[in-house]
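Colleague: model the following, please.
(chains A and B)
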Amino acid sequence: MGEAIVITSGKGGVGKTTSTANLGTALALQGKKVCLIDTDIGLRNLDVILGLENRIIYDLIDVLEGRCKIHQALVKDKRFEDKLFLLPAAQTADKNDVNPEQMKELIEGMKADYDFIIIDCPAGIEQGYKNAVAGADRAIVITTPEISAVRDADRIIGLLELEENLEAPKLIINRIRPHLMEAGDALDVNEITTHLSIDLLGIVPDDERVISSSNKGEPVVMDPSNPAALGYRNIARRLLGESVPLMTMDKPKPGMFGKLKSIFSSK
Amino acid sequence: MKAQVTGFLKNIVNIKGTNKGLLIQLNDMASYTEILDELKKKVSDPALEGDAEVQVQLANRHYSKAQLEEIKKVIHDNSKMKVIGTKCDVVTVEECNRMISERQSETYVGIVRSGQVVKAKGDLVVIGDVNQNGRIEAGGNVYVLGRLKGFAHAGASGNKEAVIAASWLEATHLKIADELETMTDELDSLSEQPEMECAYLHTSGKIIIDRLQELRFLRPQISTFKGGS
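Modeller: Okay, the predicted model is just below:
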């Protein structure tokens, strides 16, 4: 019996879809059978990031309205032997065409076939959010070290805590820029976790290759040397129950001059 | 036939001067229409000096809001007197229950997050943080054992004596009764050490923040313990 996890944030643009794609891929790399569900009806993106856009035939609405069977709508990612599937959102319908009960029933029926069902939630706290959360067993909240994102995360955590059949939400801090945090120009990890007071599931450093790989349709997590990929891989391992220490942000190594400077400035 | 007039007054309506101003006493045994007629007669007496502020004493009788308005209207329409208050010796059951609930204290354990509202009729004790855009509202005082970073409203039903106290007072908005204060130096006040503070409504009508230790001098009535041992 699998587990359904909703990935949400409240604010848009903090990396929900990217995180869904990468976590799903990381779990598939660990040998788990994963299905990703895009619930952003009308504004679907998850298919693009996974590079599965032109293989979509049916979508979520087709399944819910009985125009096709689930297995017909699922898009299999051929890079992972029978491990990673996507249930795409409809692009021509809108969020009010689905209701939470339908989602709950759908996900309940799928749990037996997968180890993980990861639900990509749309931004906002309206109908789309309610649909996405309805079938989930647990929630992951994504935020970035920006005050606006943390505020919205706080709001969404408050709403998630009201859901009775949901475990306490966990936090991912995305797009961390170590030099900004050190300079005190961005909220640091500690500040964010104490403010939101929920468990931290992991941190993901900001990296340009996240964008370029998303554009290519290859989630960055497939490149093991990338720091953002390491962040996602660690989170996936924690989801599987391993205890992995929080990654340290490697600072750029100081050169000869920098070393001398630090010796003198410490005096 | 005229109704038998008993009670503490011989007359149906009595106007008397005290050192605190004029007092209009309404007999609680007379009928309401009689009172209105008599009141109209008495207050329109040209012998009465104008401009006075009067208290209306209602004794052991409950008047509805509409009736009170009618009484005030009769006085205001027929004289230059101004009603500054009414005093009634009886309360309705609802009012009594409201008064009891306003004196009680409710406790909320947890974080009041953005978009959440926690309300209490009486005092409110929050054990946990109140995050930005979170709102707590109490008919009485507000006490926060944690960081108050959101919106706190004390004395929501009009009590100007109510206070807001917190372990960390970093609220964005403070409101006592109808007075609202926005805290613009929110970021400056972020302190690592807990700085227990309280906010109260100063006689100037402004909300003032002071050390929590000052509370026992500012609002001694909050303490329900009397005397010493």
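
Colleague: now B:Ile209: which helix or strand?
Modeller: Using DSSP states H and E, B:Ile209 sits in strand B:207-211.

Colleague: quick one: contacts of that strand?
Modeller: Defining contact as CB atoms under 8 Å, 6 or more residues apart in numbering or on different chains, one finds that strand B:207-211 is touched by B:169, B:174-176, B:179, B:181, B:196-202, B:218. Heads up, the C-betas are built off the backbone N, CA and C, glycines and all.

Colleague: cool, and stretch B:99-113?
Modeller: With contacts defined as CB under 8 Å, 6+ apart, stretch B:99-113 is touched by A:154-155, A:157-158, A:161, A:197, B:91, B:118, B:120-131, B:134-136, B:138-140, B:146, B:150, B:157, B:159.

Colleague: related to what we said a few turns ago, the strand holding B:Ile209: partners in the sheet, and parallel or antiparallel?
Modeller: Neighbouring strands of strand B:207-211 in its sheet, by DSSP bridges, are strand B:197-201 (antiparallel).

Colleague: can you redo the contacts of strand B:207-211 as TSV with pLDDT?
Modeller: Output for the contacts of strand B:207-211, formatted as TSV (pLDDT from 0 to 100):
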residue	pLDDT
B:Leu169	91
B:Leu174	94
B:Lys175	96
B:Ile176	96
B:Glu179	93
B:Glu181	90
B:Met196	88
B:Glu197	91
B:Cys198	92
B:Ala199	93
B:Tyr200	94
B:Leu201	94
B:His202	92
B:Leu218	92
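
Colleague: ok, those residues vs chain A, which is closest?
Modeller: Distance ranking of these against chain A, using CB to the nearest CB, places B:Leu169 first at 16.4 Å.

Colleague: just give me the neighbour total for the closest one.
Modeller: By other CB atoms under 10 Å in any protein chain shown, 24 other residues sit near B:Leu169.

Colleague: same list, the contacts of strand B:207-211, but as TSV with distance to A:Asp207 please.
Modeller: Listed next are the contacts of strand B:207-211 as TSV, based on distance: CB to CB, whole Å:
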residue	distance to A:Asp207
B:Leu169	40
B:Leu174	43
B:Lys175	45
B:Ile176	49
B:Glu179	50
B:Glu181	44
B:Met196	44
B:Glu197	43
B:Cys198	47
B:Ala199	45
B:Tyr200	51
B:Leu201	52
B:His202	53
B:Leu218	55
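
Colleague: pull out the buried members of those residues.
Modeller: The neighbour-count test (16 or more other CB atoms under 10 Å in any protein chain shown) marks B:Leu169, B:Leu174, B:Lys175, B:Ile176, B:Glu181, B:Glu197, B:Cys198, B:Ala199, B:Tyr200, B:Leu201 as buried among the contacts of strand B:207-211.

Colleague: for those residues, which two are the farthest from each other?
Modeller: Within those, B:Lys175 and B:Glu197 form the most distant pair, 15.9 Å apart (CB to CB).

Colleague: scan chain A for its longest helix.
Modeller: In terms of residue count, the longest helix belonging to chain A (DSSP state H) is helix A:147-162.

Colleague: would it count as contacting chain B?
Modeller: Yes: using CB under 8 Å from any CB of the partner chain, helix A:147-162 reaches chain B at A:Arg151, A:Asp152, A:Asp154, A:Arg155, A:Ile157, A:Gly158, A:Leu159, A:Glu161.
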